[in-house]
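Enquirer: how does the following fold in three dimensions:
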Amino acid sequence: MAGFLLFDLYGTLVDPLAIAAELNVLGVDGSEVARLWRLKQLEYSFRLTVMGQYQDFRQVTSRALAFALASAGVSADGGQLQQILAGYDRLPAFADAEPALQALADAGCEMAVLSNGTPGMIRSCLASSGLDDYLSPQVSVDPVGAFKPAAAVYRYAAERLGRPAGQIRLVSANAFDSAGGAAAGMRTAWVNRSGAPFDTIGQQPDITVPALDRLPEALSGSAPAG
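Expert: This is a model prediction of the structure:
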């Protein structure tokens, strides 16, 4: 099973919707605001990449939060906003993440992370969640000046890792990310925790698992494990 695995961070290893707990103090439905925040965060990243007007992920995350709060009719002072944004540096790991990474490490897999986050965001989030010991290097899109699923992002990651894209398996719970990695020549494993259908545009994942801790078993046979 030994191989090189490249993990997505947000939505795959850590849960961005857990930020709802930080939002409840504003007297709103934290879950709904967190959902809109995440959707707008991704939309902004796609839009900026297409427009060729890169802003780093911390800026994108801040502006998406402002939109989500405005949509909920909520105003927050600067201190509250900074406190909420700081929660992105300590998002909790999904329950299936650490057991999966431990099993994969025991099986001899090399593992790294590729994220839209800035280097500081990635470093803080992995340290806070306790996953940093498993994942090195930690690759940010920042030097590319574009976000996933831009092909240049995956090409850059392959260069950083010093190996052809075809020797890397991208592991992501985000369908757009899996499709982007496949288009760039990477093998893929999709973590489909919600049981949703895969996107109808883009290459289907090589492996599909319902939880991250099912990945080691699926890789041992290199077959779908839905």
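
Enquirer: can you give the distance of the one helix or strand in the chain whose mean pLDDT sits lowest from its chain's centre?
Expert: None of the helices or strands of the chain scores lower by mean pLDDT, DSSP states H and E than helix 78-86, at a mean of 88. Offset of helix 78-86 from its chain centre (CA atoms, centre = their mean, to the nearest Å): 22 Å.

Enquirer: quick one: buried residues of that helix?
Expert: Residues of helix 78-86 classed as buried by neighbour count (16 or more other CB atoms under 10 Å): 80, 81, 84. Backbone N, C-alpha and C define where each C-beta goes, glycine included.

Enquirer: packing partners of it?
Expert: Under the contact criterion of 3 or more CB pairs under 8 Å, 6 or more residues apart in numbering; DSSP states H and E, helix 78-86 touches helix 20-23, helix 57-71.

Enquirer: residue 169: neighbour count?
Expert: 22 (other CB atoms under 10 Å).

Enquirer: doesn't it belong to a strand?
Expert: Yes - using DSSP: H, G, I helix; E, B strand; the rest coil, the assignment for residue 169 is a strand.

Enquirer: wait, what's in contact with it?
Expert: With contacts defined as CB atoms under 8 Å, 6 or more residues apart in numbering, the neighbours of residue 169 are 3, 4, 5, 6, 186, 187, 188, 189, 206, 207, 219.

Enquirer: again, only this time at 7 Å
Expert: 3, 4, 5, 6, 186, 187, 188, 189 (CB atoms under 7 Å, 6 or more residues apart in numbering).

Enquirer: tell me which of the residues you listed is nearest to residue 39?
Expert: Nearest to residue 39 out of the contacts of residue 169 is residue 188 (CB to CB; 22.8 Å).

Enquirer: residue 135 versus the closest one, what's the distance?
Expert: 18 Å (CB to CB, to the nearest Å).

Enquirer: equivalent analysis for residue 98, please.
Expert: Distance, residue 98 to residue 135, using CB to CB: 11 Å.
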